[in-house]
Structures are given as structure tokens and as C-alpha cells.
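S.K.: Need a 3D model of the following:
(one chain, ligands or ions: 1)
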Amino acid sequence: LKVLTVATAPYLDQWPGCGGLRRRVGVFQGNRHYLHNFLQSVFSCMDLRERQGCTLVVGGDGRFFNRTAMELVVQMAAANGVGRLIIGHHGIMSTPAISSLVRKYKAMGAIVLTAGPHPGGPHGDLGVKFNSANGGPAQETVTNKIYQISRTLEEFTICPGLRVDLGALGRQEFDLENKFKPFTVEIVDSVESYANLLRNIFDFAALKELLSGEHRIRIRVDAMSGVMGPYLRRILCEELGAPAKSVVNCVPLEDFGGLHPDPNLTYAAELVDSMQDGHYDLGAALDCDGDRNMILGKHGAFVTPSDSLAMIAANIFCIPYFQHTGVRGFARSMPTSAALDKVAQATKIDLYETPVGWGFFGNLMDAGRLSLCGEESFGTGGDHIREKDGLWSVLAWLSILAIRRKSVNDIVKDHWRKYGRNYYTRYDYEGLDLDAAWQLMDDLEVLMMEKSFVSQRFAVADNIYQVEQADNFEYTDPVDSTITRNQGLRIMFTNGSRIVYRLSGAGGVGATIRVYIDSYEKEDIFQDTQVMLAPLATIALKISQLHVRTGRSGPSMIT
Ligand code: G16
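M.R.: This next block holds a predicted model:
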């Protein structure tokens, strides 16, 4: 097979955020060599000697254009000297499964074709993410390098005649010109190997008893027409005995059924509705690439992701894996509520507060300092892999139910009674003008850094909040001392409440400003979140002038 070097012109906008390069499908289709360029930048970023003959894992969430993109990845990987690709059957594989395979095969990394929980289809998004040898998202130093290469790229190499059969499980070999060794592709059943991973973490006999024994509970898990259907069927139904109707939307669709495959109360409304009549004891939704999760109790009671993390932490020894490994540390992203901190204090386990994005957790895990972590954006996971893991989180909750023999709602209430409650909400302002959003954040920072800002008092009705501290979050990695700056503007009040403003780094159309509000209550724990947080929300808008400056009358999304 011939290897060609093709001249190209660079694009200046291929900055991969923490979730990779995410663009509308039309951008990839309408701009000549847009995907070729980015893939070449990824390959060129790898050290040449390490790249020659290396193994990479490749998978995607099956969205529209996935197959075309996958074929291109294979042709360019071969031409760039990669020796072996491990690919999911039909090119489809969940993000957690990809992470686990990178580790299992000791691969140099992975190319993940997902745009996270963003819509698919011809008018939806496509994404390309590079994961490192630990199985987690590449660090910022790597993504910055990819971006720099992409800005001056002049050519790419490709093996256009190489045709891989993504449907044929097993090994395929290809001889390339001027290469001594054949280029190998292995199409694998990722469902089986991922199931095996989970078998070694959880007590499957206890879970089977919970889901199919005499006192079984009823669950409903929604795969949102993404990759997770086959994993749910195999693990929850075939292996753990849950009835077939416990899992829904399990056929992976290229456009995710035209829906937004993001597991939250807005986009997983179908699940929320189906929980209302109290038939199901636990509900869960997973996003299209299987790393995010939402947990609901009976009647659709919402467990906020920050609480879910804290509650898994408080019950961590219900999971056999942690009984064996012990607990090395907990971590949460900075905007995630401080509910986890209370558990860490009580158990005297180290707690890390990291910038947004799973890559920061990976470094701590690699150094043996972290066992359990999560983000408010519906992500929880352990150190078994280096990505968040949706189905792992569901099994973590089921393990808690199996051992504690209580309902989800009672476990939540017990937790609040013991540790107090962090009322928490997030406002998203999506699709803002980029320059206006940056300017707003700049001006806000200037205001917050004024000397007089600290100790300023804000009053809404009877509630008075006094600023204790204000900063722009900065993180020094305790393992390698790398400093990451500008990670979000934080206002901390004397009563422990907090407002955080942050620009989304995940890319997409325009800019997204997120406002995170967190308020701790020791006693008053059974109130409505939005009612409790209304004064702080008013203050957040007042300080930032968000509505006045963006012309919006409210957030595009509240979680
Ligand atoms: C968002 C979330 C982050 C998450 C990231 C990637 O980033 O806020 O917590 O790590 O997406 O998530 P996924 O891999 O599921 O797409 P941002 O920067 O938009 O806030």
C-alpha cells in the first residue's frame, strides 16, 4: 500500500479544549482537510521514536461522521508509523472502555472520536480527543503542543488505499511500502473486556441478588441512544439479571434520536418523567460516550452530581475494590460543591481541589494519591481508569443500596443529616459573543481584585453576605508542580457560601459562561434548592452585570 505526503494549509482555530477539538460536522465537511490537519498535528506531537511501531486505541461514540473519521484515523495512523491499532467493534466504544484498553494493552494513547454530550447528526457536533498512555485526557502541555503544530502545518501523510473492515472482530494486517513490519488492526469486543474490569471492582453476586433476587429493586437506566446500550444489556441485564425493560434507548444511533445526549434533568426528561409514579427505585442516565451519569431516586428525586460524589465517598467501602486498595485520596474539580470536603474532613482522607477537566485527576492517580473523584458536570469515577465512568457510578450506587439496604432517597437524607447539605446550582449562559464574554470576565476580575471588594457586604431581603475572599483560581499540581492559572473567578463569603464564574473551555459555538453557586446549611436541609439559592443568584448577577451586559434575561440552562 502506498504512503502519500499531501500538501495542506494550516487552520488557526484548532485549539483542543479539555474535551478535545469539537466542531459542527459541517466544519469538518466544509473545510478542506480540516480533520486530516488536526490528526496530523496529533501524530506529529508524539515523539517520533515512540510513535514508530507503537500501539494506539481508537474508538468513538458512533455519532454521524464517526465511521468516515475512523477510516481516516486508520489511514493516517498507518502512514505515520503507528504499528498497531486496537479498535472497538464497528468503531464504537465508550470513553471509559477506551481508557481501560489503553491501560490493558499498555498503548501509547488513544484517539477518541466523541464530542462529549453534544448533539450528533449532520447538523450536530463531531469531536476528536487525544488521550495519553495513562488512559486519560492529554495534559494541557500536550494539547498546547498539538495546537501549535496545527497552526503551521504544511503537509500530512496518509495511506489512502488502506481499507479496514470495522465489522470483523479479530486481526487484520496491511503491508505498507517501505515498512518492514505489517501494520496491524485489531477489532475487539470492548463490552466483554469492560465487563471484566467491573467484575473485578464490584461484588457481582451481591448486585445480582439486588437486581434479580427475592427482594429485588427496580431500576431504569437510559443509554440516551449513545454507545452504552450494549454495555448495559450485557452487564445489567444478562449478567446481573435486571429485566430487559430496565434499560432503555439502548440502540446506538448516529443522531442520538435527535436528542441532546446529556444526562441532566432537562435533556433526560424522559427518564425523569418515567420515574414520577414511583415504580422505579433508582433511575440513571448516561451520556452518549458513557462517561457522564445522572442518578435519581424514587419519584425522580435528583441526586446532584456533587452530592453523588460525596455520598459514594462516604460509603466507599461498600465497593470491594476499595476494601482491597484502601482509599488514597479524594478529589473534586474547583466548581464542584464542597460536600465532598465534609466527608474528607470526617474520614481524615486527603482532599484535592483541581481545575475543571479529568486530566488533573489522572496525574494524582498515577502518583498513587487519589482513589475517587468527580465533577459537578455529572462525572464521577475511580482510579481503575483515567476517565470518568458512568456505568461504574451506577454500580457504585447499587453497591451502596445492596449493603446499606436503604433507598436512594434515605441514603441522601441520612447523608445530609450527618454532614449537612451543600445547596448547589449552576447557571449556563451559552452561545455568547466571544469578545463580549471575555471582556465581561476581564472586567469582573478587575472589580473583584479591587481592595475594597473584600469585606464588601451584599444584601438581598434579610440575607446579608459579606465577601471574605476573592480570587482567580490557580492550581499547583502537587505531583509535578505545574501551575495552571485562570481557572475561574471565585467569591467566597464569610458564611461559607461561594459564587464561581467560569468560561467553558470545552469549545463549541460562541462562548459559554457558567455561574456556580454553593451554599452550606447544617440544619435547614430539606428546602428547595432554587429558593434557598435565590439571594446568592441575585448577588451573582448583580456583581457581574451578566444580564445587562449580555442582553440575556436568564440562563440557557440551570442544573
Ligand atoms: C465541561 C464540564 C467539565 C468536563 C468537560 C468535559 O467543560 O464543565 O467538567 O470535564 O466538559 O466533559 P466530557 O468529557 O463529558 O465532554 P467546560 O469547560 O465546558 O465547563
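S.K.: hey, let's count contacts and neighbours off CA atoms from now on
M.R.: Noted.
S.K.: got a list of contacts for the helix or strand containing residue 283?
M.R.: Using DSSP states H and E, residue 283 sits within strand 282-286. Under the contact criterion C-alpha atoms under 8 Å, 6 or more residues apart in numbering, strand 282-286 has outside partners 218-224, 228, 262-264, 268, 271, 275, 292-298, 300, 390-391, 394, 408.
S.K.: Give the rounded mean pLDDT of it.
M.R.: When pLDDT is averaged along strand 282-286, the result is 98.
S.K.: What is the helix or strand just after that strand packed up against?
M.R.: Where DSSP H and E defines the elements, the next helix or strand beyond strand 282-286 is strand 293-296. In terms of contacts (3 or more C-alpha pairs under 8 Å, 6 or more residues apart in numbering; DSSP states H and E), strand 293-296 is packed against strand 282-286, strand 302-303, helix 305-314, helix 390-404.
S.K.: can you list the residues that contact strand 293-296?
M.R.: With C-alpha under 8 Å, 6+ apart, strand 293-296 has contacts from 263-264, 272, 282-287, 302-305, 308, 378-380, 389-391, 393-394, 408.
S.K.: helices and strands around the lowest-mean-pLDDT helix or strand in the chain, which ones?
M.R.: Within the chain, no helix or strand scores below strand 457-460, which has a mean of 89 by mean pLDDT, DSSP states H and E. Here strand 457-460 touches strand 463-472, helix 529-544, going by 3+ C-alpha pairs under 8 Å, 6+ apart.
S.K.: who does it pair up with?
M.R.: Counting by DSSP bridges, the strands paired with strand 457-460 are strand 463-472 (antiparallel).
S.K.: distance between the partner strand and the chain's centre?
M.R.: Centre-to-centre, strand 463-472 and its host chain are 30 Å apart (C-alpha atoms, centre = their mean, to the nearest Å).
S.K.: What is the subsequent helix or strand relative to that strand?
M.R.: Following strand 463-472 toward the C-terminus (DSSP H and E): strand 475-476.
S.K.: Report the contact partners of the closest residue to residue 467 other than its chain neighbours.
M.R.: Of all residues not flanking residue 467 in the chain, residue 493 sits nearest, at 4.4 Å (C-alpha to C-alpha, 6 or more residues apart in numbering). Contacts for residue 493 (C-alpha under 8 Å, 6+ apart) come out as 465-469.
S.K.: same check, this time on residue 197
M.R.: Counting by C-alpha under 8 Å, 6+ apart, residue 197 has contacts residue 100.
S.K.: on that earlier part again, closest to the ligand among the contacts of residue 493?
M.R.: Among those, residue 469 lies closest to the ligand (C-alpha to the nearest ligand atom), at 22.8 Å.
S.K.: Excluding chain neighbours, give the residue nearest to that closest one in space.
M.R.: Residue 469 sits nearest to residue 492 (C-alpha to C-alpha, 6+ apart), 5.1 Å away.
S.K.: What of residue 379?
M.R.: residue 292 (4.8 Å).
S.K.: would you turn the contacts of residue 493 into a markdown table with pLDDT and distance to residue 550?
M.R.: Supplementary listing: the contacts of residue 493 in a markdown table, determined by pLDDT from 0 to 100; distance: C-alpha to C-alpha, whole Å:
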| residue | pLDDT | distance to residue 550 |
| --- | --- | --- |
| 465 | 92 | 25 |
| 466 | 92 | 26 |
| 467 | 94 | 25 |
| 468 | 93 | 28 |
| 469 | 94 | 26 |
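S.K.: who's residue 111 bridged to?
M.R.: The partner residues for residue 111, given DSSP bridges, come to residue 58, residue 130.
S.K.: Let me know the pLDDT of it.
M.R.: Residue 111 is assigned 97 on the pLDDT scale.
S.K.: What does residue 134 show for phi and psi?
M.R.: With angles defined as degrees, to the nearest 10, residue 134 sits at phi -80, psi 0.
S.K.: Over to the one 3 residues further on?
M.R.: For residue 137, the backbone dihedrals are phi -50, psi 140 (criterion: degrees, to the nearest 10).
S.K.: what are the bridge partners for it, then?
M.R.: residue 131.
S.K.: What residues does the residue nearest to residue 379 make contact with?
M.R.: Shown in contact with residue 292 (C-alpha under 8 Å, 6+ apart): 262-263, 286, 377-380, 388-390.
S.K.: ChimeraX command to pick out the buried ones of the residues you listed?
M.R.: Of the contacts of residue 292, the buried ones go into a single ChimeraX selection, burial set by 16 or more other C-alpha atoms under 10 Å:
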select :262,263,286,377,378,379,380,388,389,390
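S.K.: closest to the ligand among the contacts of residue 292?
M.R.: Of all the contacts of residue 292, the ligand sits closest to residue 377, with 4.8 Å by C-alpha to the nearest ligand atom.
S.K.: what about the closest one, which SS state?
M.R.: Classification of residue 377 by DSSP: H, G, I helix; E, B strand; the rest coil places it in coil.
S.K.: Now it. Nearest residue, chain neighbours left out?
M.R.: residue 305 (6.9 Å).
S.K.: Ok, residue 458 next?
M.R.: Per C-alpha to C-alpha, 6+ apart, closest to residue 458 is residue 465, 5.2 Å.
S.K.: so who does that neighbour touch?
M.R.: 457-459, 493-495.
S.K.: could you redo the last one with a cut-off of 7 Å?
M.R.: If you count contacts by C-alpha atoms under 7 Å, 6 or more residues apart in numbering, residue 465 has them with 457-459, 493.
S.K.: Turn those residues into a markdown table, including distance to residue 86.
M.R.: Below are the contacts of residue 465 laid out as a markdown table (distance: C-alpha to C-alpha, whole Å):
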| residue | distance to residue 86 |
| --- | --- |
| 457 | 58 |
| 458 | 56 |
| 459 | 58 |
| 493 | 50 |
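S.K.: wait, residue 330 sits on residue 371?
M.R.: Yes. With contact defined as C-alpha atoms under 7 Å, residue 330 counts as touching residue 371 (6.2 Å).
S.K.: ok, these two, which is more surrounded?
M.R.: It is residue 330, of residue 330 and residue 371, that has more neighbours when counted by other C-alpha atoms under 10 Å, with 26 against 22.
S.K.: so who does whatever residue of the stretch 51-200 of the chain ends up closest to the ligand touch?
M.R.: Residue nearest to the ligand within the stretch 51-200 of the chain (C-alpha to the nearest ligand atom): residue 116, separated by 3.5 Å. Neighbouring residues of residue 116 by C-alpha under 7 Å, 6+ apart: residue 289.
S.K.: For it, report the pLDDT, please.
M.R.: Looking at residue 116, its pLDDT stands at 86.
S.K.: repeat for residue 550
M.R.: Note on residue 550: pLDDT of 89.
S.K.: With residue 496 instead?
M.R.: At residue 496, pLDDT is 87.
S.K.: So it versus the ligand, what's the distance?
M.R.: Residue 496 sits at a distance of 22 Å from the ligand (criterion: C-alpha to the nearest ligand atom, to the nearest Å).
S.K.: That residue: neighbouring residues, count only.
M.R.: 15.
S.K.: Now for it: which residues touch it?
M.R.: 519-520.
S.K.: Can you convert the contacts of residue 292 into JSON lines and add a column each for distance to residue 21?
M.R.: Shown next, in JSON lines, are those (distance: C-alpha to C-alpha, whole Å):
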{"residue": "262", "distance to residue 21": "18"}
{"residue": "263", "distance to residue 21": "21"}
{"residue": "286", "distance to residue 21": "22"}
{"residue": "377", "distance to residue 21": "19"}
{"residue": "378", "distance to residue 21": "21"}
{"residue": "379", "distance to residue 21": "20"}
{"residue": "380", "distance to residue 21": "23"}
{"residue": "388", "distance to residue 21": "19"}
{"residue": "389", "distance to residue 21": "21"}
{"residue": "390", "distance to residue 21": "22"}
